[in-house]
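Participant: Task: produce atomic coordinates for the following.
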Amino acid sequence: MNKVVCLVLLCVASSFAGVPSCQTVYEDKCWDEPRQECNTVQKPYAVNSVKEQCNTEYDNKCTTVYDNEVDYVPRQECNTIQVPSTESVPEEKCHQVPEEKCETKYEQECHTEYEQECETKYEQECETKYEQECSTHYEQECTTVTERQCSTVTERECSYVNGQEKCWDEPREKCWDEPRQECQNKPRHECKQVPRKECKNVPRQECKQVPREKCEQVPRQSCNTEYKQQCKTEYRQVTKYESEQKCHTVQDKVERQVPRQVCNKVPRQACRQVPVNKTEYRSETNCHTVTEKRCTKVSKKTCNYH
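Facilitator: Numbering: from 1, shown residues only. Coordinates of the predicted model:
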């Protein structure tokens, strides 16, 4: 009984409200998403060390060296050389020459003509009526909170006592803010128009063009290329070599050694230990939390009655 009353009320409301027109709209839903960003910096610290400093001193040192004196003695030297001579030699060269040959052939050529044919078909026509349905669903909402976390790390420290380097591990406490997400489900009540389709068969006359093929003999000229050999005589230059003896006078070198005294300053290294203060760098990592904006498309359906 209640269903009949609701259906009658819905029909009366639809007659006054009209046909609904609905459209889906997409909106951007954005949030800030945190992430950890770190960078490495170079931290200076002083280091005491010792380096060796050297300078150059010179000692005088003498040696006996021998100089070469050269005398030249003439003599006759002969060798055989190849003398070129050029002559023309005939040579036959052939190549393929293209020649086109054609003939006429008849081919069947067809084309399509169209004639109109009609028939009656029944098509289903439907209209959509809408009923309202409501439901509750849950959406998760999240927020970012941070917790303070600490840990103990050791750093290497050194110092000089009575000229000797002593090193030890120094404990240090290092703290940072650790982000985490807290989420909860929130209920959301939504109502929407649900379509109901009603259909009936309606006669339609449908006409179409029916193809008919018609053919006829059409002449076609077919050509192909044939190759025949064509030759001619060409002359090329050929170089021949003949032996010939050629002589010339050369000077033979005769060497003898003459002693002499040579003195040089010979360098030597004189070194000593000197203290040096220098600055060295070591890497440290610093981190902090940054947020990035992220978005997604959310659909929303709105309806108007006409």
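Participant: Going by neighbour count, which residues in stretch 171-184 are buried?
Facilitator: Burial within stretch 171-184, assessed by neighbour count using 16 or more other Cβ atoms under 10 Å, is assigned to W176. Placement of C-beta: from N, CA and C, glycine included.
Participant: Run through who's touching it.
Facilitator: Residues from elsewhere that reach stretch 171-184, judged by Cβ atoms under 8 Å, 6 or more residues apart in numbering: 34, 36, 140-155, 287, 289.
Participant: Ok, stretch 215-229 next?
Facilitator: 94-111.
Participant: That stretch - what's its average pLDDT?
Facilitator: Stretch 215-229 carries an average pLDDT of 81.
Participant: Strands of this structure, start to end?
Facilitator: 20-161, 164-305 (DSSP state E).
Participant: since we're on V89, how many residues are nearby?
Facilitator: Taking other Cβ atoms under 10 Å as the neighbour definition, V89 ends up with a count of 9.
Participant: which ones are touching it?
Facilitator: By Cβ under 8 Å, 6+ apart, the contact set of V89 is Y235, R236, Q237, V238.
Participant: run the last query once more with 6 Å
Facilitator: Applying Cβ atoms under 6 Å, 6 or more residues apart in numbering, we find V89 in contact with R236, V238.
Participant: Would you mind measuring from it to V83?
Facilitator: 19 Å (Cβ to Cβ, to the nearest Å).
Participant: Low-confidence bits of the stretch 201-306 of the chain, can you list those?
Facilitator: Scanning the stretch 201-306 of the chain with the threshold set as pLDDT under 70 gives 305-306.
Participant: can you do 50?
Facilitator: Nowhere does the stretch 201-306 of the chain drop to pLDDT under 50.
Participant: List the beta-bridge partners for P90.
Facilitator: Per DSSP bridges, the residues bridged to P90 are Y235.
Participant: Next one, pLDDT for N2 please.
Facilitator: 46.
Participant: do the same with V5
Facilitator: For V5, the model assigns a pLDDT of 44.
Participant: and if you look at Q149?
Facilitator: Turning to Q149, the model gives it a pLDDT of 83.
Participant: how close does the residue lying closest to it once chain neighbours are set aside get to E141?
Facilitator: Leaving aside its chain neighbours, Q149 sits nearest to E178 (4.6 Å; criterion: Cβ to Cβ, 6 or more residues apart in numbering). Applying Cβ to Cβ, the value for E178 to E141 is 21 Å.
Participant: residues in contact with N68?
Facilitator: Counting by Cβ under 6 Å, 6+ apart, N68 makes contact with E255, Q257.
Participant: Just give me the neighbour total for Y130.
Facilitator: Using other Cβ under 10 Å, the number of residues around Y130 comes to 18.
Participant: pLDDT wise, what is it at?
Facilitator: Looking at Y130, its pLDDT is 80.
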